[in-house]
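Peer 1: Could you look at this predicted model? Sequence included:
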Amino acid sequence: MSKFFIFFSIILISVTHNIQAQRTPIQTDRPDQTESPSIVPVNYFQAENGFTYEQVHGDEKNIVAPSILWKYGMNDRFELRVITEHAIEKDKTGSVNGIVPITVGCKANLCSEKKWIPMISFIGHVTSRNWGSKKYQTTYAAPSFRFTCQHTLSDQFSLGYNIGAEWNGETALPTYIYTLTTGCSLTDKFGGYVEVYGFIARHNTADHRVDGGFTWLLSNDFMIDISGGAGISKISPAFYVALGFSYRIAMKHK
């Protein structure tokens with residue numbers, strides 16, 4: 001199944017070379033952990049692909065190859081979203097791999113940026129209980145949500161932050177999420193960011209992490225990225241590195 005996702009992505013990339021967007025340059029929810037409040041343009045399809053290697057502790061490591069966020073712009077304030085992931089987990093006892101249960105959801109823009117008021121959007125997802133490999137299935141469907149905010153500080157700098165919660169499909173106790181990132185436009189094509197983010201559970205030690213990365217805009221419709229980060233809490237993974245590419249295509253023309 002993961003081979004299908006990779007093959008389908010390659011086909012779509014080839015199409016984008018013949019299509020020029022009539023909108024602003026592509027805006028994505030990767031490579032940082034902070035989700036953007038921006039909405040995919042109306043009648044545009046967008047795919048954000050990531051490949052991640054994470055060293056947890058000792059011999060334990062996680063690989064995601066690939067993770068794909070599929071988006072479709074319904075109107076100026078609303079997009080549909082589907083997340084598919086192929087995961088590989090390894091430790092000294094062996095390895096497991098498979099398709100993580102599929103996640104579906106939406107993003108709704110609540111308000112535009114005006115003076116000190118940020119652009120704000122709401123993201124809601126539900127991860128299915130059994131739409132994936134059996135080893136990754138959960139007892140219940142797992143909801144999650146975030147409020148995403150962004151301030152434009154200058155022509156070069158922006159400030160973004162998220163706050164929300166997610167459930168694991170096994171208990172009713174949520175894990176709270178926070179992110180804070182600063183983005184910088186180094187040139188018209190290159191950008192970078194540094195970020196702090198974390199997960200806070202009611203009956204567990206807080207998990208705080210830092211990361212950073214770069215983006216390269218190859219065209220208005222195609223962007224590649226590289227990123228990496230490290231844990232700063234005892235229970236955090238040691239580090240991760242990630243590569244990604246994102247593209248969009250017009251599904252129909254007016």
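Peer 2: On my side now, so go ahead.

Peer 1: what sits against residue 188?
Peer 2: Contacts for residue 188 were tallied using CB atoms under 8 Å, 6 or more residues apart in numbering; they are residue 217. To be clear about C-beta, it is placed using only N, CA and C from the backbone, and glycine gets the same treatment.

Peer 1: Could you grab the helix/strand/coil label for it?
Peer 2: Using DSSP: H, G, I helix; E, B strand; the rest coil, the three-state assignment for residue 188 comes out as coil.

Peer 1: What pLDDT is listed against residue 94?
Peer 2: With respect to pLDDT, residue 94 has a value of 89.

Peer 1: my bad, should have said residue 14
Peer 2: Predicted confidence (pLDDT) for residue 14: 45.

Peer 1: The one helix or strand residue 95 maps to packs against which elements?
Peer 2: Counting by DSSP states H and E, the element that carries residue 95 is strand 94-111. Counting contacts by 3 or more CB pairs under 8 Å, 6 or more residues apart in numbering; DSSP states H and E, strand 94-111 packs against strand 78-91, strand 119-127, strand 142-152.

Peer 1: Now tabulate those strands in JSON lines and tack on mean neighbour count and mean pLDDT.
Peer 2: Output for these, formatted as JSON lines (neighbours: other CB atoms under 10 Å; pLDDT from 0 to 100):
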{"stretch": "strand 78-91", "mean neighbour count": "18", "mean pLDDT": "97"}
{"stretch": "strand 119-127", "mean neighbour count": "19", "mean pLDDT": "98"}
{"stretch": "strand 142-152", "mean neighbour count": "19", "mean pLDDT": "98"}
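
Peer 1: possible to save the ones you listed as TSV with distance to residue 163?
Peer 2: Output for those, formatted as TSV (distance: least, CB to CB, whole Å):
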stretch	distance to residue 163
strand 78-91	19
strand 119-127	11
strand 142-152	6
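
Peer 1: Partner strands of the strand holding residue 95, with direction?
Peer 2: Strand 94-111 has its sheet partners listed here by DSSP bridges as strand 78-91 (antiparallel), strand 119-127 (antiparallel).

Peer 1: pull the CA atoms of the longest one into CSV?
Peer 2: Output for strand 78-91, consisting of C-alpha atoms alone and laid out as CSV, is shown next (Å, rounded to 0.1, in the frame of the first residue of the first chain):
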residue,chain,number,x,y,z
PHE,A,78,-12.5,25.6,4.3
GLU,A,79,-10.3,22.7,3.3
LEU,A,80,-10.7,18.9,3.5
ARG,A,81,-7.8,16.8,4.9
VAL,A,82,-6.7,13.2,4.9
ILE,A,83,-3.5,11.8,6.5
THR,A,84,-1.9,8.5,5.4
GLU,A,85,1.2,7.1,7.0
HIS,A,86,3.4,4.0,6.6
ALA,A,87,5.3,3.4,9.8
ILE,A,88,8.3,1.2,10.7
GLU,A,89,9.3,0.6,14.4
LYS,A,90,12.5,-1.1,15.3
ASP,A,91,14.1,-2.2,18.6
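
Peer 1: Work out the gap between that strand and the centre of the chain.
Peer 2: 9 Å (CA atoms, centre = their mean, to the nearest Å).

Peer 1: From residue 105, how far out is residue 68?
Peer 2: Going from residue 68 to residue 105 by CB to CB, to the nearest Å gives 14 Å.

Peer 1: can you check residue 128 too?
Peer 2: Taking CB to CB, one finds residue 128 at 11 Å from residue 105.

Peer 1: Which residue, neighbours along the chain excluded, lies closest to residue 213?
Peer 2: residue 227 (2.8 Å; CB to CB, 6 or more residues apart in numbering).

Peer 1: if we can go back for a sec, any idea which of the strands paired with strand 94-111 gets closest to residue 252?
Peer 2: strand 78-91 (15.3 Å; CB to CB).

Peer 1: For residue 136, give me phi and psi.
Peer 2: Main-chain torsions, residue 136, degrees, to the nearest 10: phi -110, psi 0.
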